[in-house]
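Asker: Next come a sequence and a model predicted from it.
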There are 2 protein chains.
Amino acid sequence: MKKSQTEEKLLETTLRLISEKGYLGTTTREIAREAGVTELTLFRHFGSKEKLFEKVLKRYTFLPKLKEILPELERLPYDDVLRILGIGFFETLKERKSLVKIMLSEINIYPDKIRIIYNGFIDELIKTLADYLSFLQKRDILRPFSPGIATRAFLGMIFSYFMAEEIMGGRIISKRKIEKIIGEFVNITIHGTLKKSTLKVTEADNECNSNL
Amino acid sequence: MKKSQTEEKLLETTLRLISEKGYLGTTTREIAREAGVTELTLFRHFGSKEKLFEKVLKRYTFLPKLKEILPELERLPYDDVLRILGIGFFETLKERKSLVKIMLSEINIYPDKIRIIYNGFIDELIKTLADYLSFLQKRDILRPFSPGIATRAFLGMIFSYFMAEEIMGGRIISKRKIEKIIGEFVNITIHGTLKKSTLKVTEADNECNSNL
DNA sequence: CATAAATGTAAGTACTTACTAACAATAAAT
DNA sequence: ATTTATTGTTAGTAAGTACTTACATTTATG
């Protein structure tokens, strides 16, 4: 077999096994067997278990596709932007579920390696969406609030739902269902961030929360 | 030393070490040494490493205190209820940070043991808050939406923030800062769930989201 | 003080781990 | 077809793991 093919198979297998059983819970013998090669081949290609792990993290990093599609979205209505971004975020998490699992379980043992991936994905996404919210604020469409925190609120709803269902619950959520859920999340976020005048609101609605 | 004191020390030490280095990354030798006893003492008390781990999970389970305080809150204004519950939720996560770390890193290896804890805490909290939202909907204070999903949205914001900062970021968030952040989360949730008429809104605000 | 409960010491077992050495067999490239 | 790159086989090492046994020592309690 060609060198690159063998390495590819080993990387795949390592990603899967470590996401299922953890770094320490996965043995090099097992990886090699599941990849259909000898343990020695594994070491000839990657030198050590830890180097193999590092290559896995580099190879299966998140794609920055969400950041790329946002500029095209800026002419769509607010709720469509949130919906498309939200669904894209969830689908990315689902595609990279194995990587997410590894990040969660190995963050304490390899914080540096994991944080590089985490920041490269989340920070940029937050910044992009926050800039968009900030833009809508300046156009007086959204009420005043911290765009960074609102972004984290919206993405946080989705991430927590993913965590609860797909990671902790071990369930696989259908596309239809997640679209419905994210639709509700979008509604809450829209009503929660739109300027009241945009909602055709009268004045003196500051105490609206206290009269219950 | 008294039996109970030794066991207590061992349980504490196990919680801390496993939360830092994972179940497989923590050796019984190390636990015993850090607890100031012999490895043999550990086995005499708990029989096996796994049984010790189970006792740790049982002992340091989340307290259901949030559920208990909610009935007293029902006469407070909506925003105060959310704020108090949100801060309480975050503080609980922070207090049990070690347990949260263990749950995240061992969910794949011991899904049954972990899910018992997870469900015992989260499910009940969601149900309680969702019932409260449902109650406000029936009194026509909140607009129609799924109470369960809205609850998960609100708690999800907070949980994700906790994950991002305290777990992935390794930062410790001050009480002052988290109160400010949760204040923003509460604002979004309130505006996102209150009935428009409560916001003194005119009719025909259905298309408000599409005219951007 | 005396009895019993708890802990320590030390040695060891059976097993698993990441990783290596020497040599033979196979597949790919020229 | 022949060289070269890649893999397999087999055996092994040194270290670490959870856990045990037998016996001595300490500590708490009545």
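Answerer: Received the coordinates, thanks. Numbering: from 1, shown residues only, chains lettered A, B, ... in the order given.

Asker: quick one, what contacts the residue lying closest to A:Ile84 once chain neighbours are set aside?
Answerer: For A:Ile84, ignoring the flanking residues on the chain, the nearest one in space by CB to CB, 6 or more residues apart in numbering or on different chains is A:Leu73 at 6.1 Å. Placement of C-beta: from N, CA and C, glycine included. Residues in contact with A:Leu73 (CB atoms under 8 Å, 6 or more residues apart in numbering or on different chains) are A:80-81, A:84-85.

Asker: So for A:Leu73, what's the pLDDT?
Answerer: Confidence at A:Leu73, expressed as pLDDT, is 86.

Asker: mind checking how far it is from A:Ala150?
Answerer: Plainly put, A:Leu73 is 17 Å away from A:Ala150 if you go by CB to CB, to the nearest Å.

Asker: Please apply the same query to A:Ile69.
Answerer: Taking CB to CB, one finds A:Ile69 at 20 Å from A:Ala150.

Asker: same deal with A:Pro77?
Answerer: For A:Pro77, the distance to A:Ala150 - CB to CB - is 17 Å.

Asker: A:Pro144 contacts A:Gln137, doesn't it?
Answerer: Yes - with contact defined as CB atoms under 8 Å, A:Pro144 reaches A:Gln137; the gap is 6.7 Å.

Asker: And those two? Which one has more around it.
Answerer: The neighbour count for A:Pro144 versus A:Gln137, taken as other CB atoms under 10 Å in any protein chain shown, is higher for A:Gln137 (17 against 9).

Asker: isn't the more buried one right next to A:Pro147, touching?
Answerer: Yes - between A:Gln137 and A:Pro147 there is a contact under CB under 8 Å: 6.8 Å.

Asker: next SSE after the host helix or strand of A:Asp112?
Answerer: A:Asp112 is part of helix A:111-118, with elements assigned from DSSP states H and E. Next helix or strand after helix A:111-118 toward the C-terminus (DSSP H and E): helix A:124-138.

Asker: which secondary structure elements does the helix or strand following that following helix contact?
Answerer: The first helix or strand that comes after helix A:124-138 along the chain, using DSSP H and E, is helix A:147-162. Counting contacts by 3 or more CB pairs under 8 Å, 6 or more residues apart in numbering or on different chains; DSSP states H and E, helix A:147-162 is packed against helix A:78-95, helix A:124-138, helix A:175-193, helix B:147-162, helix B:175-193.

Asker: ok, back up a step: A:Pro77 and A:Ala150 - which one has more neighbours?
Answerer: A:Ala150 (24 against 16).

Asker: my guess is the more buried one meets B:Asn187, correct?
Answerer: No - with contact defined as CB under 8 Å, A:Ala150 does not reach B:Asn187; the gap is 9.2 Å.

Asker: who touches both of those two?
Answerer: A:Gly192.

Asker: so who does the most centrally placed residue in chain A touch?
Answerer: Residue closest to the mean C-alpha point of chain A, counted by CA atoms, centre = their mean, is A:Leu93 at 4.3 Å. Going by CB under 8 Å, 6+ apart, A:Leu93 touches A:100, A:158-159, A:162, A:166.

Asker: coming back round to it: distance check, the residue nearest to A:Ile84 against B:Leu10.
Answerer: The separation that A:Leu73 has from B:Leu10, given CB to CB, amounts to 55 Å.
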